[in-house]
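J.: the sequence and its predicted three-dimensional model are supplied below.
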2 protein chains.
Amino acid sequence: MKYDSRKDEIIQTSAILFKKKGFSAVTMRDIAKEMGIKAASLYNHINSKQEILSEIIISLAEQFTEQMKSIKMSDESSIDKLKQIVALHVNITSKNQFGMASLNNDWMHLEAQLPYYLKLRKNYENDFRNIIEKGIKDNELITQNPDVMVFSMLSTLRSLYIWLPKKEDLDIEKFTTELSLVLINGINK
Amino acid sequence: MKYDSRKDEIIQTSAILFKKKGFSAVTMRDIAKEMGIKAASLYNHINSKQEILSEIIISLAEQFTEQMKSIKMSDESSIDKLKQIVALHVNITSKNQFGMASLNNDWMHLEAQLPYYLKLRKNYENDFRNIIEKGIKDNELITQNPDVMVFSMLSTLRSLYIWLPKKEDLDIEKFTTELSLVLINGINK
DNA sequence: GAATCAAACTAACACTTGTTAGTTTTAGTT
DNA sequence: AACTAAAACTAACAAGTGTTAGTTTGATTC
């Protein structure tokens, strides 16, 4: 019914608290206190605690889905596609460090939206693996278990929300290049 | 006062539930129900919910600390040390997939033991970075930001608890070799 | 100045939380 | 059969949970 900027403020504030303590450990009174109002007042803007979590997670998941779509449909090499995926994660995470924590840690507390979230995640991982499998077939990548490669890269990319905030004055572009190098070419001289 | 195997059973059962829902979302009644007893009965064996979490996390953190000690003191090459760190994570995680979830996700809910845990973690990361820095100086590793290398490798290793259980019939030894290859030499042909 | 409306408030609800106290059951030992 | 000790039980607690209902505030519009 209502969509206003106060709602966004609640969502943003909640995301900060969710990152610090996790969804379940944060109470409506915690969120309200952080905003300088009473818990009951939150319900003028949102319908439930659940809804806050959904808004945080689903909007991010959809951003990943959307951008993966354009990456996979482009006609670049597999390695260039992988570099674009690295950039995608760095960009979204640098703009949403708090929300990314919920996406990674609290997705299981989604209720009505859980199946939808799981579908998006599964599709994303499949797209990722398909790019790697094509890279192997085209002799761009080493012949190794693609599952291990996806796992390794995606684990690192999913952990960016922990690491990026620690490096406040980071040159994002430079970091993206550096991380791509490490992930794709390794650290061995 | 008391240390018995029923206590271990509680800890193990709790770890399973903590992995599924997170520490805060699991109630003493959940744990009791899973064991077929009443919540109050748990207190014949443990002193608090907190204590369960501490036992899970601290014992694992100490295992990592101890084994890192022997790795760093050995006189192998930096690359071989890194391979041993990979093996360390795979081994501990394959034997403690549930506890490793708590270690990764619920450490912030430690109370009295939190400073001790943070100290162990910081030391571990420092040891890890020192090995990488020596590898760079010795011309074994590429000249890149060691922080990025530690972050990348450690993120993957810390996520093993999510991935290993999905591959039940995995040859642990083979997987360790494969993962070392991907992490150290990359995926580029 | 009256009316409007978003957004705050107070008060309360039904339920769940971790935990304690005191009691009974269970099973093994004498 | 009596004793013991571990480990279960029932009952209750004080505090905290998400949420609702109804009311007041404060700024904007007529």
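T.: Sure, I can see it.
J.: okay, now the unreliable bits of chain A?
T.: Applying pLDDT under 70 to chain A picks out residues A:1-4.
J.: can you confirm whether stretch A:46-65 lies near DNA strand D?
T.: Yes. Using Cβ under 7 Å from any atom of the strand, stretch A:46-65 reaches DNA strand D at A:Asn47, A:Ser48, A:Lys49, A:Gln50. (Glycine included, C-beta is placed from N, CA and C.)
J.: most widely separated two among these?
T.: Using Cβ to Cβ, those reach their maximum pairwise distance at A:Asn47 and A:Lys49, which is 9.3 Å.
J.: who's more crowded, those two?
T.: Per other Cβ atoms under 10 Å in any protein chain shown, whichever of A:Asn47 and A:Lys49 has more neighbours is A:Lys49, with 17 against 11.
J.: and that one, how close does it get to chain B?
T.: A:Lys49 sits 12 Å away from chain B, going by Cβ to the nearest Cβ, to the nearest Å.
J.: let me see the contact set for that residue.
T.: Taking Cβ atoms under 8 Å, 6 or more residues apart in numbering or on different chains, we find A:Lys49 in contact with A:Met28.
J.: any idea how far it is from A:Ala25?
T.: Using Cβ to Cβ, to the nearest Å, A:Lys49 is found at 12 Å from A:Ala25.
J.: I'd like to know how far A:Leu154 sits from B:Leu154.
T.: 15 Å.
J.: where does the residue in chain A positioned nearest to chain B fall, phi/psi-wise?
T.: The minimum distance from chain A to chain B, using Cβ to the nearest Cβ, falls at A:Gly186 (3.1 Å). Backbone torsions of A:Gly186, given as degrees, to the nearest 10, read phi 80, psi -170.
J.: just checking, it touches B:Gly186?
T.: Yes. A:Gly186 is within contact range of B:Gly186, at 3.1 Å (criterion: Cβ atoms under 8 Å).
J.: quick one: the helices in chain A, in order.
T.: Assigned by DSSP state H, the helices in chain A fall at A:5-21, A:28-35, A:39-42, A:49-73, A:78-95, A:97-105, A:114-137, A:146-158, A:160-163, A:172-185.
J.: let me have those helices in JSON lines, extended by distance to B:Glu66.
T.: Output for the helices of chain A, formatted as JSON lines (distance: least, Cβ to Cβ, whole Å):
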{"stretch": "helix A:5-21", "distance to B:Glu66": "30"}
{"stretch": "helix A:28-35", "distance to B:Glu66": "38"}
{"stretch": "helix A:39-42", "distance to B:Glu66": "46"}
{"stretch": "helix A:49-73", "distance to B:Glu66": "38"}
{"stretch": "helix A:78-95", "distance to B:Glu66": "33"}
{"stretch": "helix A:97-105", "distance to B:Glu66": "28"}
{"stretch": "helix A:114-137", "distance to B:Glu66": "35"}
{"stretch": "helix A:146-158", "distance to B:Glu66": "25"}
{"stretch": "helix A:160-163", "distance to B:Glu66": "25"}
{"stretch": "helix A:172-185", "distance to B:Glu66": "28"}
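J.: nearest residue to A:Ile31 other than its sequence neighbours?
T.: Leaving out its chain neighbours, the residue that sits closest to A:Ile31 by Cβ to Cβ, 6 or more residues apart in numbering or on different chains is A:Ser14, at 5.2 Å.
J.: what's near enough to touch the one you found?
T.: A:Val26, A:Ile31, A:Ile52, A:Leu53, A:Ile56.
J.: spell out which residues of chain A are next to DNA strand C.
T.: Residues of chain A lying near DNA strand C by Cβ under 7 Å from any atom of the strand: A:Lys2, A:Asp4, A:Arg6, A:Ala32, A:Gly36, A:Ile37, A:Lys38, A:Ala40, A:Ser41, A:Asn44, A:His45.
J.: state the distance from A:Ala112 to A:Asp106.
T.: The value you get for A:Ala112 to A:Asp106, if Cβ to Cβ is used, is 15 Å.
J.: same check, this time on A:Met28
T.: Distance, A:Met28 to A:Asp106, using Cβ to Cβ: 16 Å.
J.: the more surrounded of the two?
T.: A:Asp106 (21 against 17).
J.: name the nearest residue to the more buried one, ignoring sequence neighbours.
T.: Of all residues not flanking A:Asp106 in the chain, A:Phe23 sits nearest, at 4.0 Å (Cβ to Cβ, 6+ apart).
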